[in-house]
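# pasting the sequence and the predicted coordinates here, then a few questions.
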2 protein chains.
Amino acid sequence: MNEIKIFSPATVANVSCGFDVLGFCLDSIGDEMLVRKVDKKGVYITKIEGYKLPFEADKNVAGVSALALIEEAKPDCGFEIEIYKHIKPGSGIGSSSASASGSVFAINELLGKPFNKTQLTYFAMQGEKLASKSEHADNVAPGIFGGFTLVKSIKPLEVLEIPTPKELYATIIHPQIEIKTAESRAILPKEIPLKDAIKQWANVGSLIHALHTSNYELISRSLQDVIVEPHRSKLIPLYNEIKLASINAGALGCGISGSGPSIFTLSKGIEIAKKVESAMKNIYSETNIVFETYVSKINTEGIRII
Amino acid sequence: MNEIKIFSPATVANVSCGFDVLGFCLDSIGDEMLVRKVDKKGVYITKIEGYKLPFEADKNVAGVSALALIEEAKPDCGFEIEIYKHIKPGSGIGSSSASASGSVFAINELLGKPFNKTQLTYFAMQGEKLASKSEHADNVAPGIFGGFTLVKSIKPLEVLEIPTPKELYATIIHPQIEIKTAESRAILPKEIPLKDAIKQWANVGSLIHALHTSNYELISRSLQDVIVEPHRSKLIPLYNEIKLASINAGALGCGISGSGPSIFTLSKGIEIAKKVESAMKNIYSETNIVFETYVSKINTEGIRII
């Protein structure tokens, strides 16, 4: 195999209570990438469609993650990468992560799979670092593993695959305003009350239990964020209105996707997920803000060859 | 049925990362209680053996929890309670909790089980409050439900039953020094670094996942407490030495039981649990501190009729 085309899905990181550790994988939106072996060693980004991004491999997240892999694998060839970007950078649904993960997934396939998913996550994190200025895996892990993931630790990197209840669907609204990850991090307090932290880890434990037992009502009661949402939601216009309308439309829960501005909800069944989408659209239609919405099953496969 | 005798087991609260929310139930140590219906309405503590505790119902945790139940049930009779106390008060393995839970469990049986386990936990918490000056359920819940429990929230009270891997055993050492719960709470910071809180909730999520999947190695890697142990371990003589010796003897993890001074470990299989007990004994035998040790399977039944 000398050439491979892949679909690298968007992902939702944080998932309310699971700030910095939980994430899940979407299905209805993602980038496409074409990667081919070439004789000349190195990484060459030869095409980028959709959004304007740097072509220099060491300035592009897909290039940086690919270089990290290559440094370890030392292959006798190089790679050309074509990126067909559908996830808008800065959307909060793992745009940079999809690029960073996609290139290493594809190169690993072309090399005969020398690396496992945790190793690929590690390489992808190196690309992510370029975009977010901090080392985190809560977007790359669900893209590479699929389904729900819990990043237990970064050093050493350990990713846990959490079961995905069959009827779970996500609805996303992406208001096209810009929130920089760095800015979104800066708004967070460095210290938090112990009593709030206890609530948060009770909800994390409870959410993991609910995912294991496909207990949708408990998923709903666990999707609470007492630490981050109160701060970051201020950066997203009509956040509280979207949340209220989504819950009224039947969503199990609603939270900020990654560092925003996208907002995610989870619902039981595609019918409710679509109702939630309508409710979200109604709110934003009355503003001047350009927005996109997506309804997606939870993608339990992750990145796939197309 | 006019009279019932029950075994109300000791419990371990907090369980390293799960401060204030997780707990599990022991089997080899607990109180015995005899409760009988009497014509005269009210709660009468008629016998206390083992340790000196107040006989007035409204000053005794078993009495207070019983009164809370009775206020709700409004039975046409009263109850006499005999308490055969084996768990030393202030040990950190749920002594007051065993009394508080035992009386409500027994009265509920005598009344034909009008209340479910969550309601019994609520009544028992009212007794616990008398002892610890704060409302918490992380000892009463595992006593009443058995196995591992996660107290998702106090208001409204919600207790989750987490699966118990079959080969899990606990070893406990109780150094007979006094640490007051209130003192042990006062030593904790009111605010904690967000980055530490993230580590803690990653471990909580990971421990719940590990219990669901009977993944003993992951249980081991999850039994970490970066928030409370650094402060409270200072109150327990030779804590670090006990921890090191236990891990070297094969324990999966080691932490402070409740607010101490007892120390718990979890091990895979009774053989290792016994080796851990020997290792613990070796450390404390070289001191002047009086101590007890216990090896116990995880009691998945909770309080039982004997």
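Thanks, I have it.

# rest of the way, CA atoms for contacts and neighbours
Will do.

# quick one: contacts for A:Met1?
A:Leu110 (Cα atoms under 8 Å, 6 or more residues apart in numbering or on different chains).

# quick check, pLDDT for it.
What the model reports as pLDDT for A:Met1 is 84.

# same check, this time on the one 10 residues further on
At A:Thr11 the predicted local confidence, pLDDT, stands at 98.

# return the distance of it relative to chain B.
19 Å (Cα to the nearest Cα, to the nearest Å).

# helix, strand or coil for A:Pro54?
coil (DSSP: H, G, I helix; E, B strand; the rest coil).

# isn't it up against A:Gly63?
No: contact criterion Cα atoms under 8 Å: A:Pro54 and A:Gly63 do not qualify, at 9.6 Å.

# which residues are in contact with each of the two?
By Cα under 8 Å, 6+ apart, no residue touches both A:Pro54 and A:Gly63.

# what about the two, which has more around it?
More neighbours surround A:Gly63 than the other of A:Pro54 and A:Gly63, with 29 against 13 (other Cα atoms under 10 Å in any protein chain shown).

# are we agreed that the more buried one is in a helix?
Yes: judged by three-state DSSP, A:Gly63 forms part of a helix.

# excluding chain neighbours, what is closest to A:Ala10?
Nearest residue to A:Ala10 in three dimensions, chain neighbours excluded: A:Gly30, at 4.9 Å (Cα to Cα, 6 or more residues apart in numbering or on different chains).

# and the host helix or strand of that neighbour, what does it pack against?
Counting by DSSP states H and E, the element that carries A:Gly30 is strand A:22-38. With contacts defined as 3 or more Cα pairs under 8 Å, 6 or more residues apart in numbering or on different chains; DSSP states H and E, strand A:22-38 has these neighbours: strand A:3-13, strand A:78-84, helix A:95-110, helix A:140-145, strand A:148-153, strand A:291-297.

# show me the beta-bridge partners of the residue nearest to A:Ala10.
Beta-bridge pairing for A:Gly30 (DSSP bridges): A:Pro9.

# assess the claim that it and A:Ile87 are in contact.
Yes: at 5.9 Å, A:Gly30 counts as touching A:Ile87 under the criterion of Cα under 8 Å.

# what sits in contact with each of those two?
Joint contacts of A:Gly30 and A:Ile87 (Cα under 8 Å, 6+ apart) are A:Ala10.

# which of the helices and strands packed on strand A:22-38 sits most buried?
helix A:140-145 (a mean of 33; mean count of other Cα atoms under 10 Å in any protein chain shown).

# now that one - C-alpha only, CSV.
Extracted C-alpha coordinates of helix A:140-145, given in CSV (Å, rounded to 0.1, in the frame of the first residue of the first chain):
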residue,chain,number,x,y,z
VAL,A,140,-6.7,13.2,20.0
ALA,A,141,-7.6,10.1,22.1
PRO,A,142,-11.3,9.9,21.2
GLY,A,143,-10.3,10.4,17.5
ILE,A,144,-7.8,7.6,17.5
PHE,A,145,-9.6,5.2,19.8
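
# pLDDT of stretch A:232-249, averaged?
Stretch A:232-249 comes out at a mean pLDDT of 97.

# does it come close to chain B?
No: using Cα under 8 Å from any Cα of the partner chain, we find that stretch A:232-249 stays clear of chain B, coming within 14.8 Å at best.

# tell me the buried residues in that stretch?
The neighbour-count check on stretch A:232-249 (16 or more other Cα atoms under 10 Å in any protein chain shown) flags A:Arg232, A:Ser233, A:Leu235, A:Ile236, A:Tyr239, A:Ile242, A:Lys243, A:Leu244, A:Ala245, A:Ser246, A:Ile247, A:Ala249 as buried.

# tell me the phi and psi of the first one?
Same thing as A:Arg232. Main-chain torsions, A:Arg232, degrees, to the nearest 10: phi -70, psi -30.

# likewise the fifth one?
As for A:Tyr239, its main-chain torsions (degrees, to the nearest 10) stand at phi -60, psi -50.

# contact partners for it?
A:Ser233, A:Ile263.

# and the second one, by the same measure?
With contacts defined as Cα under 8 Å, 6+ apart, A:Ser233 is in contact with A:Tyr239, A:Asn240, A:Ile256.

# recalculate using a threshold of 7 Å.
A:Tyr239 (Cα atoms under 7 Å, 6 or more residues apart in numbering or on different chains).

# tell me the SS of it?
helix.

# now do it against A:Glu161, distance only.
28 Å (Cα to Cα, to the nearest Å).

# next: the last one.
Using Cα to Cα, one gets 30 Å for the distance from A:Ala249 to A:Glu161.

# again with the fourth one
From A:Ile236 across to A:Glu161, the span is 30 Å (Cα to Cα).

# which stretches of the stretch 101-250 of chain A form strands?
A:148-153, A:158-162, A:168-175, A:191-193 (DSSP state E, counting those that start in this stretch).

# export these as CSV, with columns for mean pLDDT and distance to chain B.
Shown next, in CSV, are these (pLDDT from 0 to 100; distance: least, Cα to the nearest Cα, whole Å):
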stretch, mean pLDDT, distance to chain B
strand A:148-153, 98, 5
strand A:158-162, 98, 7
strand A:168-175, 98, 19
strand A:191-193, 98, 4
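
# which of these is buried the deepest?
Of all the strands of the stretch 101-250 of chain A, strand A:148-153 has the most neighbours on average by mean count of other Cα under 10 Å, namely a mean of 26.

# identify the residues contacting that one?
Contacts of strand A:148-153 (Cα under 7 Å, 6+ apart): A:21-25, A:137-138, A:141-142, A:158-164, B:202-203, B:206.

# stretch A:61-80 too?
By Cα under 7 Å, 6+ apart, the list of residues contacting stretch A:61-80 reads A:35-46, A:57-58, A:96, A:99-100, A:103-104, A:123-124, A:126-128, A:130-131.

# now those: which count as buried?
Buried among those (16+ other Cα under 10 Å): A:35-38, A:42-45, A:57-58, A:96, A:99-100, A:103-104, A:123-124, A:126-128, A:130-131.

# quick check, A:Lys85 in contact with A:Gly50.
Yes: with contact defined as Cα atoms under 7 Å, A:Lys85 counts as touching A:Gly50 (4.8 Å).

# who has more neighbours, the two?
A:Lys85 (22 against 12).

# quick one: end-to-end distance for stretch A:223-239.
By Cα to Cα, the extent of stretch A:223-239 from end to end equals 16 Å.

# tell me what the longest helix seen in chain A is packed against?
Across chain A, the longest stretch assigned as helix under DSSP state H is helix A:194-212. Using 3 or more Cα pairs under 7 Å, 6 or more residues apart in numbering or on different chains; DSSP states H and E, the elements in contact with helix A:194-212 are helix A:216-222, strand B:148-153, helix B:194-212.

# got the CA coordinates for the lowest-mean-pLDDT helix or strand in chain A in CSV?
Here the helix or strand of chain A ranked lowest by mean pLDDT, DSSP states H and E is helix A:181-186, holding a mean of 78. Extracted in CSV, the C-alpha atoms of helix A:181-186 (Å, rounded to 0.1, in the frame of the first residue of the first chain):
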residue,chain,number,x,y,z
THR,A,181,-7.7,28.1,23.4
ALA,A,182,-5.1,30.1,25.3
GLU,A,183,-7.6,32.8,26.2
SER,A,184,-10.1,30.2,27.2
ARG,A,185,-7.5,28.7,29.5
ALA,A,186,-6.5,32.0,31.0
